[in-house]
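Engineer: the sequence isn't on hand, but the structure is:
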């Protein structure tokens, strides 16, 4: 009988520890869900918090124009990736905002992140209203802005300062870089 008492106590203790761990995991998942729900509310929270200014970069647009970090003041910048539902939802608002800019295509820069061939539809949509750069996930423009999620929209001041873009309608929540849809 003594053996059964010991086994019962051990099973009870293991069950209690397991229950405490389950509660801790549930609490952590709720915090994580809240954090993800708040990402991208203004489209700029997917910028690295340490990036206040655009770092140096040199890239080439899809139509062969060289582009550097010396962007004109008040340039509208957008980062998009194919297969990203928030990108698809925010794209019409961004295109409308870019088309209304007084500087034309030179006052907007769109960066499409993804493999060749998969990004073609996005490029066709963005090309009439912006200079378009196509690059991979670790491309020079994304690194220069400190991008870690999509979509990201911002404006660049004359001094290279990165500021949240004020678009007419509320954007959809952003998608983290690791959530990119497979092509």
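Structural biologist: Thanks, I have the structure now. Predicted, not measured: the structure shown is a model, and the values here were computed from it.
Engineer: buried set for stretch 73-93?
Structural biologist: Under the neighbour-count criterion of 16 or more other C-beta atoms under 10 Å, stretch 73-93 has 75-84, 86-87, 90-91, 93 buried. In this view, the C-beta of every residue, glycine as well, is placed from N, C-alpha and C.
Engineer: just the ones of those residues in helices?
Structural biologist: 86, 87, 90, 91, 93 (DSSP state H).
Engineer: okay, now the domains of the chain?
Structural biologist: According to automatic domain parsing, the chain comprises the domains 1-38, 58-179.
Engineer: out of those, deepest packed?
Structural biologist: Mean neighbours per residue, mean count of other C-beta atoms under 10 Å, is largest over these for domain 58-179, with a mean of 18.
Engineer: any weak-confidence spans in the chain?
Structural biologist: Counting by pLDDT under 70, the chain has low-confidence residues at 34-51, 168-183.
Engineer: can you show me the strands along it?
Structural biologist: Secondary structure of the chain by DSSP state E: the strands cover 58-60, 66-68, 75-80, 108-113, 131-135, 149-150, 152-156, 162-164, 175-176.
Engineer: among those strands, which is nearest residue 98?
Structural biologist: Distances from residue 98 to each of the strands of the chain were compared using C-beta to C-beta; the minimum, 3.9 Å, belongs to strand 108-113.
Engineer: and of the strands of the chain, who's closest to residue 19?
Structural biologist: Here strand 175-176 is closest among the strands of the chain (C-beta to C-beta), at 31.1 Å.
Engineer: circling back: need the ones in helices among the buried residues of stretch 73-93 in JSON lines (columns: distance to residue 115).
Structural biologist: Written out in JSON lines, the entries for those read as follows (distance: C-beta to C-beta, whole Å):
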{"residue": "86", "distance to residue 115": "19"}
{"residue": "87", "distance to residue 115": "15"}
{"residue": "90", "distance to residue 115": "21"}
{"residue": "91", "distance to residue 115": "19"}
{"residue": "93", "distance to residue 115": "25"}
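Engineer: these two touch, right, residue 71 and residue 111?
Structural biologist: No. With contact taken as C-beta atoms under 8 Å, residue 71 and residue 111 are classed as non-touching, separated by 11.9 Å.
Engineer: now the helix ranked longest in the chain, how far from the chain's geometric center?
Structural biologist: Taking residue count as the measure and DSSP H as the definition, the longest helix of the chain comes out as helix 2-38. Here helix 2-38 is found 34 Å from its chain centre; the criterion is C-alpha atoms, centre = their mean, to the nearest Å.
Engineer: on that earlier part again, select, out of the domains of the chain, the one closest to residue 52.
Structural biologist: Using C-beta to C-beta as the criterion, the shortest distance between residue 52 and the domains of the chain is 6.2 Å, found for domain 58-179.
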